[in-house]
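*Asks:* structure for the following, please:
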Amino acid sequence: MTESIQLTVLIPLYNEDESLPELHDWIVRVVTEQNYTYEILFVDDGSTDDSWNVIERLSVRNSHVRGIRFTRNYGKTTALQTGFQACRGQVIITMDADLQDSPDEIPELYRMITEDKYDLVSGWKQKRYDPITKTLPTKLFNAVSRWISGVQLHDFNCGLKAYRQKVVKTIAPSLYGDMHRNLPIVANWNGFSRIGEKVVQHRARKYGTTKFGLERFVNGFLDVLVIGFVHRFSKRPMHFFGTLGTLSFFIGSVLAIWLIVEKLINISQGVKFRNATDNPLFFFGLVAIILGVQLFLAGFIGEMLVRQSMHHSGEHQIAERIGFSGPVSV
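*Replies:* Below you'll find the predicted structure:
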């Protein structure tokens with residue numbers, strides 16, 4: 001049986017060797033003052049600097065440090081997914097490795113999970129030390145996420161979050177792509193609706209440079225749309241494709257019948273008429289009928305695939321582990 005402890009501090013990282021010792025010491029000071037039983041789990045997402053060697057040295061100094069290293073860079077979502085599957089804490093707190101998240105927030109986040117009984121608590125960087133090229137797209141992304149998901153958070157993308165263990169164990173198998181930006185949405189749609197928010201300190205980056213560009217906001221927006229679609233229709237694709245297909249087929253059929261009836265009336269009355277193929281509406285109706293049939297078939301095939309069930313398996317490769325007595329399910 002996996003040993004249970006109070007707290008896991010999960011840190012995904014990529015090329016952050018300069019900040020790791022300071023971050024480790026800061027976390028240890030905070031959790032020691034609070035007398036938590038804890039582990040610090042570093043997930044090295046294929047760093048090309050000295051990050052893994054730093055983690056190895058930290059694990060020698062502190063038996064509570066564990067580490068996982070990927071063979072290459074797979075992205076933050078995969079790092080979090082693997083960390084979620086490997087963590088042992090009853091409360092899991094995630095934070096970035098760049099020292100922009102303050103470990104001093106840990107006690108209150110822990111309290112909100114254990115005493116206030118939240119399933120998930122998301123940090124809100126109310127005051128940010130970022131240029132407007134990051135803050136403005138962030139506001140737009142958050143607004144769209146609130147509108148689509150119904151989850152009322154100010155900052156979906158904050159890396160500082162706290163989770164009940166059951167939450168991360170439930171959502172981890174379904175994560176892929178760049179879903180780390182939408183974890184509160186995924187949790188909510190898995191039935192974990194007690195989602196809180198805490199204003200947290202945002203610190204200016206001390207070492208290195210950001211690993212994300214403006215494209216992350218476009219990807220994040222698209223991911224929100226995908227999550228919304230999958231949540232509503234993954235188990236019933238016919239409801240989506242079948243509805244659109246039926247509507248399209250109906251419109252096309254009505255146009256075709258109307259053109260035929262109009263022509264017959266004109267013939268019976270001896271009125272000059274033109275061929276149906278000379279009317280642009282004929283081709284519009286024909287396309288609508290064909291499209292309707294294709295959409296309906298797409299829904300039918302989707303239903304058969306759902307019946308067959310789909311098992312998602314990760315393809316990332318772990319190069320090394322530190323602090324694990326047995327295999328880790330990934």
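*Asks:* longest strand anywhere in this protein?
*Replies:* strand 5-13 (DSSP state E).
*Asks:* name the helices or strands packed onto that strand?
*Replies:* For strand 5-13, the elements it packs on are helix 20-34, strand 38-44, helix 76-86, strand 89-94, helix 106-114, judged by 3 or more CB pairs under 8 Å, 6 or more residues apart in numbering; DSSP states H and E. C-beta: built from backbone N, CA, C; applies to glycine.
*Asks:* for the record, mean pLDDT for it?
*Replies:* The pLDDT scores in strand 5-13 average 96.
*Asks:* same deal with stretch 285-292?
*Replies:* Across stretch 285-292, the average pLDDT comes to 86.
*Asks:* ok, stretch 185-205 next?
*Replies:* Here the average pLDDT along stretch 185-205 is 85.
*Asks:* shaky segments in the protein?
*Replies:* For the chain, the stretches flagged by pLDDT under 70 are 1-3, 128-137, 204-239, 273-274, 276-277, 302-316, 326-330.
*Asks:* 80 instead, please
*Replies:* By pLDDT under 80, the low-scoring segments of the chain are 1-4, 126-150, 156, 176-179, 202-243, 263, 266-279, 282, 295-319, 323-330.
*Asks:* longest helix of it, counting residues only.
*Replies:* helix 280-308 (DSSP state H).
*Asks:* now do the buried residues in it.
*Replies:* Using 16 or more other CB atoms under 10 Å as the burial criterion, the residues of helix 280-308 that qualify are 282, 285, 288-289, 291-292, 295-296, 298-299, 302-303.
*Asks:* likewise for stretch 242-261?
*Replies:* Using 16+ other CB under 10 Å as the test for burial, stretch 242-261 gives 242, 244-245, 248-249, 251-252, 255-256, 259.
*Asks:* then stretch 42-52?
*Replies:* Neighbour-count burial for stretch 42-52 flags 42-47, 51-52 (criterion: 16+ other CB under 10 Å).
*Asks:* list the contacts of that stretch.
*Replies:* 10-17, 20, 55, 58, 65-76, 78-80, 82-83, 97, 320 (CB atoms under 8 Å, 6 or more residues apart in numbering).
*Asks:* quick one, which of those are buried?
*Replies:* 10-17, 20, 55, 58, 65-70, 73-76, 78-80, 82-83, 97.
*Asks:* just after the longest helix of the chain, pick out the following helix or strand.
*Replies:* Following helix 280-308 in sequence order, the next helix or strand is strand 318-322 (DSSP states H and E).
*Asks:* circling back: what's the most distant pair in the buried residues of stretch 42-52?
*Replies:* 42 and 46 (12.9 Å; CB to CB).
*Asks:* got the phi and psi for the residue at the greatest distance from the centre of the chain?
*Replies:* Distance from the C-alpha centroid of the chain, by CA atoms, centre = their mean, peaks at residue 270 (65.3 Å). With angles defined as degrees, to the nearest 10, residue 270 sits at phi 70, psi 20.
*Asks:* now do it against residue 194, distance only.
*Replies:* 75 Å (CB to CB, to the nearest Å).
*Asks:* what's the answer for residue 149, then?
*Replies:* Distance of residue 149 to residue 194, given as CB to CB: 15 Å.
*Asks:* the more surrounded of these two?
*Replies:* Each of residue 149 and residue 194 has its neighbours counted (other CB atoms under 10 Å); residue 149 has more, 20 against 15.
*Asks:* burial count for the spatially closest residue to residue 192 that is not a sequence neighbour?
*Replies:* The shortest distance from residue 192 to any non-neighbouring residue, by CB to CB, 6 or more residues apart in numbering, is to residue 119 (3.8 Å). Neighbour count for residue 119, taken as other CB under 10 Å: 21.
*Asks:* which non-adjacent residue is nearest the residue nearest the centre of the chain?
*Replies:* In the chain, the residue lying closest to the centroid (CA atoms, centre = their mean) is residue 179, at 1.7 Å. Nearest residue to residue 179, sequence neighbours excluded (CB to CB, 6+ apart): residue 77, at 5.1 Å.
*Asks:* likewise residue 158?
*Replies:* Among residues not flanking residue 158 along the chain, residue 123 sits closest, at 4.0 Å (CB to CB, 6+ apart).
*Asks:* who's the one you found bridged to?
*Replies:* residue 198 (DSSP bridges).
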